[in-house]
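Colleague: 3D, please:
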Amino acid sequence: DLAEFILQEDDWDEPTHIVFPTLHKNRDQVREVFQKIGYEGDNDPERMGRFARSYLRKYFMEADLGITGCNFAIADNGMINLVTNEGNADLTMALPKTQIVVMGMERIVPGLKEAEVLDNLLCRSAVGQKLTSYCTFSAGKLDDELDGPEDFHVVIIDNGRSNALNTVFEPILQCIRCGACLNVCPVYRQIGGQGYGSIYPGPMGEVLSPILDGYENFGELPYACSLCGACTETCPVKIPLHDLILEHRKVEMNKLHLDHSLNNVIFKTISVGTKTPILFKGALMGEHLAMKPFSNKKENSVENLYPEGKIDKVPKIAPKLIHGWVDVRDLAEPPKLRENFRHWYDRHEKERKRGEQND
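Modeller: Next up, the predicted model:
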């Protein structure tokens with residue numbers, strides 16, 4: 001909650017993690033944000049936390065209506081379960097006379113026993129704690145209670161979630177938003193949460209965002225994945241995330257007819273060539289001469305990065321697949337046959353063996 005407040009005050013900056021929304025900001029950047037609303041101290045986190053507390057407290061005290069989310073809703077007693085770090089949600093529920101809970105349709109659990117299990121899973125998977133700082137169960141105020149909302153409303157939202165029902169993507173509705181899959185994802189570590197263009201980054205976002213808002217807006221997300229399977233291994237509720245990401249690719253290629261027959265021919269040709277030894281060796285022998293006309297030797301910022309040159313143009317009649325590689329990647333000119341890795345390895349192996357024999 002504190003992180004979301006920081007983002008709001010920083011001109012509604014986008015979150016980068018579902019558990020740590022301001023993961024991309026350091027303490028100096030947070031201090032600059034707080035200076036906009038009157039903070040005059042240094043970058044000490046404790047002092048900045050105390051400032052945020054005093055700044056926000058008056059709004060909690062004056063509010064007539066509080067809006068919260070919902071981690072889990074308890075079916076057998078009508079309570080909602082909130083898991084938070086700072087306790088702001090507790091103030092939002094206890095002080096205003098009216099509370100509105102906004103709950104995703106998949107958040108319902110049968111009873112308190114199941115909620116306890118999921119709370120432990122959520123806290124351990126998200127931050128390594130047995131339980132979070134505040135684990136709250138709430139409902140409307142009873143007659144003999146002193147605090148709590150007099151009016152209690154739960155708004156159950158779909159917002160595209162039902163698109164996953166009765167499909168291969170239905171397991172994503174089991175997600176408890178712990179963020180564990182983000183923490184182990186090599187792609188997320190490289191591009192950051194804001195690179196996904198969605199409030200749900202990482203592997204779970206690659207599965208969920210196209211379901212909620214369509215392939216037109218998030219059709220590229222399933223390709224921001226190496227299919228290493230680390231997300232599936234770490235998921236506490238056993239969602240086969242990398243399988244679902246692959247399934248999105250199949251839907252886009254097969255059902256949405258985004259595949260192209262020429263690309264298929266290219267990939268099949270490459271497949272035959274790479275798994276047939278005589279063809280593969282023949283390609284290695286001719287690759288340098290074949291690509292030489294399309295390369296250009298330029299001054300490099302890193303010494304000997306491309307000693308032979310870099311391919312920076314291909315004929316216009318070349319398939320779009322090839323243009324895509326050259327347009328967005330630095331593609332080195334293949335080395336001469338006697339200078340490639342295989343020949344280098346053979347030479348060094350022979351030298352090593354001769355050295356062992358001499359010893």
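Colleague: hey, where'd the helices end up in the stretch 1-150 of the chain?
Modeller: In the stretch 1-150 of the chain, the helices defined using DSSP state H, counting those that start in this stretch lie at 2-9, 27-35, 45-62, 88-94, 112-127.
Colleague: Pick the most buried one from those.
Modeller: A comparison of the helices of the stretch 1-150 of the chain by mean neighbour count, using mean count of other Cβ atoms under 10 Å, puts helix 88-94 on top with a mean of 20. Yep, even glycine has a C-beta here, placed from its N, CA and C like the rest.
Colleague: Tell me the helices and strands packed up against it.
Modeller: Helix 88-94 sits against helix 45-62, strand 65-68, strand 80-84, strand 134-138, with contacts defined as 3 or more Cβ pairs under 8 Å, 6 or more residues apart in numbering; DSSP states H and E.
Colleague: quick one, which of these is nearest to residue 114?
Modeller: Using Cβ to Cβ as the measure, strand 80-84 is the one of the helices and strands packed on helix 88-94 that comes nearest residue 114, at 10.1 Å.
Colleague: could you say what helices and strands the closest one packs with?
Modeller: Packed against strand 80-84, as judged by 3+ Cβ pairs under 8 Å, 6+ apart, are the following elements: strand 72-74, helix 88-94, helix 112-127, strand 134-138.
Colleague: per-residue confidence averaged over it?
Modeller: Mean pLDDT, computed over strand 80-84, is 92.
Colleague: Pull the distance from that strand to the chain's centre.
Modeller: Relative to the centre of its chain, strand 80-84 is centred 23 Å away, using Cα atoms, centre = their mean, to the nearest Å.
Colleague: Show me the contact partners of that strand.
Modeller: 1, 68-74, 89-90, 93, 101, 103, 115, 119, 122-123, 132-139, 154 (Cβ atoms under 8 Å, 6 or more residues apart in numbering).
Colleague: Stretch 5-14 now?
Modeller: By Cβ under 8 Å, 6+ apart, the list of residues contacting stretch 5-14 from outside reads 15, 21-22, 25, 30, 33-34, 36-37, 52, 56, 193-194, 199.
Colleague: try 6 Å this time
Modeller: Contact with stretch 5-14 is made by 21-22, 30, 33, 194, as judged by Cβ atoms under 6 Å, 6 or more residues apart in numbering.
Colleague: what about that stretch, how long is it end to end?
Modeller: From its first residue to its last, stretch 5-14 covers 11 Å (Cα to Cα, to the nearest Å).
Colleague: related to what we said a few turns ago, which one of the helices and strands packed on helix 88-94 lies nearest to residue 221?
Modeller: Distance to residue 221, taken as Cβ to Cβ, is lowest for strand 80-84 among the helices and strands packed on helix 88-94, at 26.6 Å.
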